[in-house]
Each structure stands twice: as structure tokens, then as C-alpha cells.
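In: Could you look at this predicted model? Sequence included:
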Amino acid sequence: MRLRLDLAYDGTEFSGWAAQPGLRTVEGELSQALTRLLRAPEPIRVTVAGRTDAGVHARGQVVHADVDPLAWSAVPGRSDRPPPEAAVSRLNGILPADIVVRRCAPAPEGFDARFAATSRRYRYRIEDRPGALDPLRRRDTVLVKHALDVAAMDDAAGSLVGLQDFAAFCKKREGATTVRTLLEYGWARDDEGVLEATVVADAFCHSMVRALVGAVVPVGEGRVPVSFAREVLLGRVRDPRVKVMPAHGLSLEQVSYPSDDGLAARAEQARARRSLDDVDHS
């Protein structure tokens, strides 16, 4: 049977999501906890909605795992709690404090944490007033030395929205496409004056969000015009003026899925490779 797990984590002390020999990772900790919970003879493999890099946080990460139904039914032990309630309680007792499982329950037919997702929403936080940095938020907020023009950054960000080839903002992988649909990208100050970006896409490639942020920070500093970000996009090559911003300012906030009856169709659609022929370069 397939389980869906919703979780949050502080990425500070992790070497990213993906399991790596000898390194502490979110996937490694979660797989180990599930294996222990279900007393599985082999390590339980998990599939994630969006791999996060070292230092990146998550409040709305989603994974799935295929497990033995009999082991799942045995999770409550001697208690009268239903398996989903018992699983959340027991997993959070096994996992380290910087990972929290919010939900663990059987997934609907056709659910795939990665391919059935319709969008991922990230947030990026920047403080541009050195004396105003909240020390309690130092793990999720990046400090910059110069005041930023948030309106100019928002204008530049908006010019990148749509179905595009984001090769200029991605670390290329052999055989992988860099075509993505950026559904939303905007900047605003929160109630405390901290700059926050909202970045939503159907999917992201490696380092894409932090490079998108890096493309508009120089606009906010007044070093380049608002048109700079769009020019970089259309160039389709990495630009040395675009700095990939620090990981700790980034958090995966939400992964969205269609209704249950649309899960399988969405997963099939997402597996189809997109090409440059789908992109309007105007």
C-alpha cells in the first residue's frame, strides 16, 4: 500500500534531502524512521515532491512510500488509536527534533508525491536593514548590506513568469529539460519590513529558485535595470552577474495536487518531457 506523508524540517543541519553515504540527510532520517516504525526487513524507500538542497527548509514537503499493509495495520500496537494517528505520534518520537511529520496516511489511488504535483510554492526571505535582523530568524532570513527597492524587484520578477526555458537559472543535468512553467514570482515586504518572495512553478530544476532571487537582487540594489532579469532569461546561459543566493533563506511552503480522480492523469502528464517548441520567446 502507498502512504502519503506531510512533513516540515529545519534544513540547517542537513546535507540536503537526498540520501548520501556518510552524510546526514532528510531522506536518510525519514527512511530510517519508517523502517524502524514498520519493522521492515529492508530500508523503506521514499519519493519526495521536491528535493531540497543543503540548508534549505520546508514547511510543506510531501513524500510517498510503498509499505506492507500488515505492517501498517500493526503500527498502533496495543493502543486503540487508528494507524494514521499512531504513525504520526510514533514517527515524531523516532525522528530528530528538526524533522516533524504532520500527517501519515494511506494515499488515494494514483497518488505520486513527485509526478502528481501540480505546483510547488517556495518563499525566500531577505532583511536589508542590518540593525533590524531578528536573531531568532537568522536561520531562515538572509541579510544583505544595502537597502533594496522592492517594487523594482517585483517588476523584474514578474517579467519571468510563464512557460519558459530557464537554462540561465539552472544547473544543467545530462538529458534533463530546463523548460518550466513559472506560475507566480513576486516580492513584497511583510508586516515587519522583511522582503519576502513568493515563487510558484509546476516544477523546479536544481538551484533555480535561488538563482531567480539572485537575478533580481541587483535590480533592487540599482546596479542593473529592471529589464536585466528578462535579458538573462532570454540568453539561456548562466550569467556571472547572477549570484545563486544562500540556501538558508529558502523554504518549501506548499505542494499542490489535483483532486483524487485527477491524480493519475496528472502524473502521466508530468512525466512527458517538454521542449523548446512549447516556449514563446517573445
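Out: That came through, no problem.
In: Quick one: list the elements packing against the helix or strand containing Leu163.
Out: Element membership of Leu163, judged by DSSP states H and E, is strand 162-165. Under the contact criterion of 3 or more Cβ pairs under 8 Å, 6 or more residues apart in numbering; DSSP states H and E, strand 162-165 touches strand 179-189. Glycine gets a C-beta too; all of them are placed from N, C-alpha and C.
In: how about the strand it packs on: buried residues?
Out: Judged by neighbour count using 16 or more other Cβ atoms under 10 Å, the buried positions of strand 179-189 are Val179, Arg180, Thr181, Leu182, Leu183, Tyr185, Gly186, Trp187.
In: Give the pairing partners of it; include direction for each.
Out: strand 162-165 (antiparallel), strand 195-201 (antiparallel) (DSSP bridges).
In: most tightly surrounded among these?
Out: strand 195-201 (a mean of 21; mean count of other Cβ atoms under 10 Å).
In: Downstream of that strand, the next helix or strand is which one?
Out: Following strand 195-201 in sequence, per DSSP H and E, is helix 208-220.
In: Distance to Gln32 for the buried residues of strand 179-189 - can I get that in JSON lines?
Out: Shown next, in JSON lines, are those (distance: Cβ to Cβ, whole Å):
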{"residue": "Val179", "distance to Gln32": "36"}
{"residue": "Arg180", "distance to Gln32": "32"}
{"residue": "Thr181", "distance to Gln32": "35"}
{"residue": "Leu182", "distance to Gln32": "35"}
{"residue": "Leu183", "distance to Gln32": "35"}
{"residue": "Tyr185", "distance to Gln32": "36"}
{"residue": "Gly186", "distance to Gln32": "38"}
{"residue": "Trp187", "distance to Gln32": "39"}
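In: can you tell me which of those lies nearest to Leu38?
Out: Distance to Leu38, by Cβ to Cβ, is smallest for Arg180 among the buried residues of strand 179-189, at 35.4 Å.
In: Now do the closest one against Ala168, distance only.
Out: 12 Å (Cβ to Cβ, to the nearest Å).
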